[in-house]
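S.K.: okay, here's the prediction I keep looking at, along with the sequence it came from:
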Amino acid sequence: MSPVSIAIENDIAVITIDNPPINATSHAVRKGIWDAIELIDRDDAIRAAILTCAGRTFIAGADVTEFGKPPLDPILPDLIIRMEHATKPIIAAIHGTALGGGLEVALGCHYRVASETAKLGLPEVNLGLIPGAGGTVRLPRLIPVAEAITMITSGKPITARKAHDIGLIDKVAQDDLLSTAKTLAVQIKDTPCPVALMNRAPIKAPDDTTWDGIITDVTKKARGQDAPIVAVNTIRDSVTGDAKTALATERENFVRLRDSDQSKALRHIFFAERSVAKLPELKEVDPHPIRIVGVIGGGIMGASIATATLLVGYAVVMIERDDAACDRGLETIKHHLSGSLKRGLLNQEKYDRLLGDFMGSTDYAALSDADLVIEAVFEDMSVKHDVFGQLSRHCKPTAVLASNTSYLDINAIADMCANPGRVIGLHFFSPAHIMKLLEVVRTAKADAKSLATAFAFAKRLGKIAVPTGICDGFIGNRIMSAYRKHCEYMLEDGALPRDIDRAMVAFGFPMGLFAMQDMAGLEISWATRKRLAPMRDPNERYVALGDYLCEMGRLGKKNGLGWYRYDANGKAENDPVVDDLVISESLKKGITRRTFTDAEIIETILRAMQAEGDKILSEGIATSPDAIDVVMINGYGFPRHKGGPMFMRKTG
Ligand code: NAI
């Protein structure tokens, strides 16, 4: 049966696409729409048509199962041209999301209405692509060119309100979407079809002199990714040339990008992120319901975990050591929520409601109804022991107890609890209300229900949850420690911190390892190194430069001195003191310094990541190489368009 049906009400045809889950533009859908338009064109009794979708969304993208297969007619660009030239006006009625090919289909319609909560976007750049069915040609002929550039090069969807403000949609439906579309259909059915977008002039086209600046700006933001740059150039060709040629150019560029390494890498990580949390052994396991979440500690992590938890609608009980610490925790939460308020992500009413869902206390008895408790106290085993002892006493037996520890052994923590099966790790990344990554740590005795609860919680938080076993640093911090070691070897062998950082930034990291350490503060890893010192193999090469910096009181950006020195505005400068320290250390160890090329530096870093990745896999810490790529990209700034260290090795 065709996923496209047509119903005729008086002289209005309603074309409905029903192709769950996202009403993708599969071949059957394209053919169904084509046939419906043919029928409508032939039937003189029909005066207008509405294109709508069943289920939770308008067309939200392409059919991934058709990726890589030869396209079957009608292909999407042809279908949209056909729609545009229909003799009766077509109204797209959009709910949920109109994304990629979905928005391009809507651009082929003559009018667009959307429900208040709808989102519209062309996210192709996120997969290393550009719109391939006329998006770069039609969009700048419907909305101002600058807005089209932002939408296409950023890939970020916009709200229905914004879409209405810039002219992308004609109406925001206040109540029922279909009745709004029908009312509009009645109004326009006797007027001629508006001029097809292809035949219109671009809106507010930049003059010749501004294009170079626009392209430079997009190139800077793209940080090594090709698709946004190709997109802006394609838009320029479209706006400055004729639309028909532009359509052909867009297609050519689309096909070229589709076959590129970057697009393959981005598609790899897109699918990896969607599959990594799906553990077959948890498929049939129902999670515990969660209503109240306890957070222990209101410091950097506790406050941002509480914020993330409040934002998705849970009640939060935070436990701190004393009233003053409790107040500080609450102030930090308010600060985070105000940020969301300022960015328009929540309104004052919701802000007040979220704070109403929060309770701070110094008494663990307040956790008696908590369904999940996340501990984020000092990174000190004896403090954690004490906390979990309290949790064992005060929480209900089904409550899942999680530690946010970065390095400590959660098995040991679990073993001192009455029911170790419910103890797991939830390793958030800072700031937890913003960072997408969450390592879900499986302790040796963790039961399936507790793990299923952790994954369900992560999903509600909108996190990418990666399962990991227990080892020092789990997946991410362990790989970072491994490549950090090799970066430090390079310092002693001839590189300076700025050489390594420059190579990493050129490769696509947002910042280099040493600048990142300065930002995080050097004392955390110093404490870890001191803790691990007794276990260190005396025959293994050890670089003490990081320790020397800490001993000199250079703890990073917060005190203005670390691997770099920072000016009053927090801008990093090279510090000759650090250069001298590095060079004299080589001398002391009898190492003849040599130069490293950027390529050599990156090769060294990649090899270190991959070797540690292999160890992690062989020990069963990560479930797949994809999981490692997901962690490095979402938690450690590895450039997304390279697909991750494990993917890079696979593809050479
Ligand atoms: P922090 O020092 O900012 O906060 C710790 C908080 O715990 C303090 O507010 C303190 O008053 C409170 N606290 C200490 N003992 C307590 C007790 N017995 N009962 C209740 N509250 C108590 O530390 P931060 O950075 O938030 O780290 C917390 C945990 O999260 C550590 O285990 C750390 O390794 C881990 N972590 C830290 C990350 C980071 O980037 N800072 C990232 C991921 C994990």
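M.R.: That came through fine.

S.K.: report the distance from the one helix or strand R161 maps to to the chain centre.
M.R.: Taking DSSP states H and E as the definition, R161 sits inside helix 160-165. Offset of helix 160-165 from its chain centre (CA atoms, centre = their mean, to the nearest Å): 24 Å.

S.K.: which strands and helices sit next to that helix?
M.R.: strand 111-115, strand 119-121, strand 171-173 (3 or more CB pairs under 8 Å, 6 or more residues apart in numbering; DSSP states H and E). C-betas here are computed from N, CA, C, even on glycine.

S.K.: need those strands in CSV (columns: mean pLDDT, mean neighbour count and distance to P70).
M.R.: Below are the helices and strands packed on helix 160-165 laid out as CSV (pLDDT from 0 to 100; neighbours: other CB atoms under 10 Å; distance: least, CB to CB, whole Å):
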stretch, mean pLDDT, mean neighbour count, distance to P70
strand 111-115, 98, 26, 31
strand 119-121, 98, 22, 28
strand 171-173, 97, 20, 39
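
S.K.: to the ligand, which of those lies closest?
M.R.: strand 119-121 (31.0 Å; CB to the nearest ligand atom).

S.K.: figure out which of the helices and strands packed on helix 160-165 is closest to K334.
M.R.: strand 119-121 (28.3 Å; CB to CB).

S.K.: beyond that closest one, next helix or strand please.
M.R.: helix 135-138.

S.K.: which residues touch that next one?
M.R.: By CB atoms under 8 Å, 6 or more residues apart in numbering, the residues outside helix 135-138 that reach it are 103-104, 107-108, 122, 124, 130, 148, 152, 197-198, 231, 234-235, 238, 243, 246-247, 250.

S.K.: before we move on, the earlier item: would a markdown table of the helices and strands packed on helix 160-165 with distance to the ligand be doable?
M.R.: Shown next, in a markdown table, are those (distance: least, CB to the nearest ligand atom, whole Å):
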| stretch | distance to the ligand |
| --- | --- |
| strand 111-115 | 39 |
| strand 119-121 | 31 |
| strand 171-173 | 41 |
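
S.K.: which one of those lies nearest to I59?
M.R.: Taking the helices and strands packed on helix 160-165 one by one with CB to CB, strand 119-121 is closest: 11.1 Å.

S.K.: run me through the strand neighbours of that closest one, direction for each.
M.R.: strand 97-99 (parallel), strand 158-159 (antiparallel) (DSSP bridges).

S.K.: these two touch, right, D261 and T651?
M.R.: Yes. The criterion here is CB atoms under 8 Å, and D261 meets it with T651 at 6.8 Å.

S.K.: give me the more crowded residue out of these two.
M.R.: Each of D261 and T651 has its neighbours counted (other CB atoms under 10 Å); D261 has more, 15 against 11.

S.K.: could you point out which element follows the least confident helix or strand in the chain by mean pLDDT?
M.R.: Each helix and strand of the chain was given a mean pLDDT (mean pLDDT, DSSP states H and E); the minimum falls on helix 523-532 at a mean of 86. Next helix or strand after helix 523-532 toward the C-terminus (DSSP H and E): helix 545-551.

S.K.: list the buried ones in that next one?
M.R.: G546, D547, L549, C550 (16 or more other CB atoms under 10 Å).

S.K.: dump the strands paired with strand 119-121 to TSV, plus mean neighbour count and mean pLDDT.
M.R.: TSV is the format used below for these (neighbours: other CB atoms under 10 Å; pLDDT from 0 to 100):
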stretch	mean neighbour count	mean pLDDT
strand 97-99	26	98
strand 158-159	18	96
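
S.K.: adding distance to S624, write the ones you listed out as TSV.
M.R.: Output for those, formatted as TSV (distance: least, CB to CB, whole Å):
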stretch	distance to S624
strand 97-99	27
strand 158-159	35
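
S.K.: of all these, which one is nearest W563?
M.R.: strand 158-159 (40.1 Å).

S.K.: state the mean pLDDT of stretch 327-342.
M.R.: The pLDDT scores in stretch 327-342 average 96.

S.K.: is it anywhere near the ligand?
M.R.: No. Using CB under 6 Å from any ligand atom, stretch 327-342 stays clear of the ligand, coming no nearer than 6.5 Å.

S.K.: check the offset of that stretch from the chain's centre.
M.R.: 22 Å.

S.K.: also stretch 263-272?
M.R.: Centre to centre, stretch against its chain (CA atoms, centre = their mean), the figure for stretch 263-272 is 13 Å.

S.K.: quick one: buried residues of it?
M.R.: S263, K264, A265, L266, R267, H268, I269, A272.

S.K.: packing partners of the helix or strand where the third one lies?
M.R.: Taking DSSP H and E as the criterion, the element that holds A265 is helix 261-275. Other elements packing on helix 261-275 under the criterion 3+ CB pairs under 8 Å, 6+ apart are helix 226-240, helix 625-635, helix 645-651.

S.K.: from the contact counts, what lies against the strand or helix carrying T183?
M.R.: Assessed by DSSP H and E, T183 sits inside helix 177-188. Judged by 3+ CB pairs under 8 Å, 6+ apart, helix 177-188 is in contact with strand 12-17, strand 48-53, strand 90-94, strand 111-115, strand 171-173.

S.K.: report the contact partners of F455.
M.R.: A277, L279, L282, P287, V440, A465.

S.K.: which of those residues come close to the ligand?
M.R.: Okay, of these, nothing touches the ligand (CB under 6 Å from any ligand atom).

S.K.: quick one: the following helix or strand past the helix holding T183 to helix 226-240, angle?
M.R.: As assigned by DSSP H and E, the chain's next helix or strand after helix 177-188 is helix 208-222. Helix 208-222 and helix 226-240 are oriented at 160 degrees to each other (axes from the mean of the first three to the mean of the last three CA atoms, to 10 degrees).

S.K.: got the phi and psi for the residue of the stretch 251-400 of the chain found nearest the ligand?
M.R.: Nearest residue of the stretch 251-400 of the chain to the ligand, counting by CB to the nearest ligand atom: G299, 1.8 Å away. Per-residue torsions, G299: phi -80, psi -150 (degrees, to the nearest 10).

S.K.: skipping its backbone neighbours, what lies nearest it in space?
M.R.: A376 (6.8 Å; CB to CB, 6 or more residues apart in numbering).

S.K.: likewise for P20?
M.R.: Nearest one to P20, counting by CB to CB, 6+ apart, is G55 at 5.3 Å.

S.K.: and the gap between the one you found and the ligand?
M.R.: Computed as CB to the nearest ligand atom, to the nearest Å, the G55 to the ligand distance reads 38 Å.

S.K.: pretty sure that residue sits against T16.
M.R.: No. If you go by CB under 8 Å, G55 and T16 don't touch, sitting 10.0 Å apart.

S.K.: the two: which is more packed in?
M.R.: T16 (19 against 14).

S.K.: ok, that one - contacts?
M.R.: Contacts of T16 by CB under 8 Å, 6+ apart are V4, S5, I6, A7, T52, C53, A54.

S.K.: report pLDDT for D207.
M.R.: Looking at D207, the pLDDT reads 89.

S.K.: quick check: it vs the ligand, distance?
M.R.: Taking CB to the nearest ligand atom, one finds D207 at 47 Å from the ligand.

S.K.: then M516?
M.R.: For M516, the distance to the ligand - CB to the nearest ligand atom - is 11 Å.

S.K.: need the residues that contact the helix or strand containing that residue.
M.R.: Secondary structure from DSSP H and E places M516 in helix 513-520. Contact partners of helix 513-520, identified using CB under 8 Å, 6+ apart, comprise 483-484, 487, 497-498, 500-501, 504, 511, 525, 546, 556-557, 562-564, 566, 572, 637.

S.K.: so what's the nearest residue to K396 once chain neighbours are set aside up against?
M.R.: Among residues not flanking K396 along the chain, S368 sits closest, at 6.6 Å (CB to CB, 6+ apart). The contact partners of S368, taken as CB under 8 Å, 6+ apart, are H394, C395, K396.

S.K.: can you redo those as a markdown table with neighbour count, secondary structure and distance to the ligand?
M.R.: Output for those, formatted as a markdown table (neighbours: other CB atoms under 10 Å; DSSP: H, G, I helix; E, B strand; the rest coil; distance: CB to the nearest ligand atom, whole Å):
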| residue | neighbour count | secondary structure | distance to the ligand |
| --- | --- | --- | --- |
| H394 | 18 | helix | 12 |
| C395 | 25 | coil | 14 |
| K396 | 10 | coil | 19 |
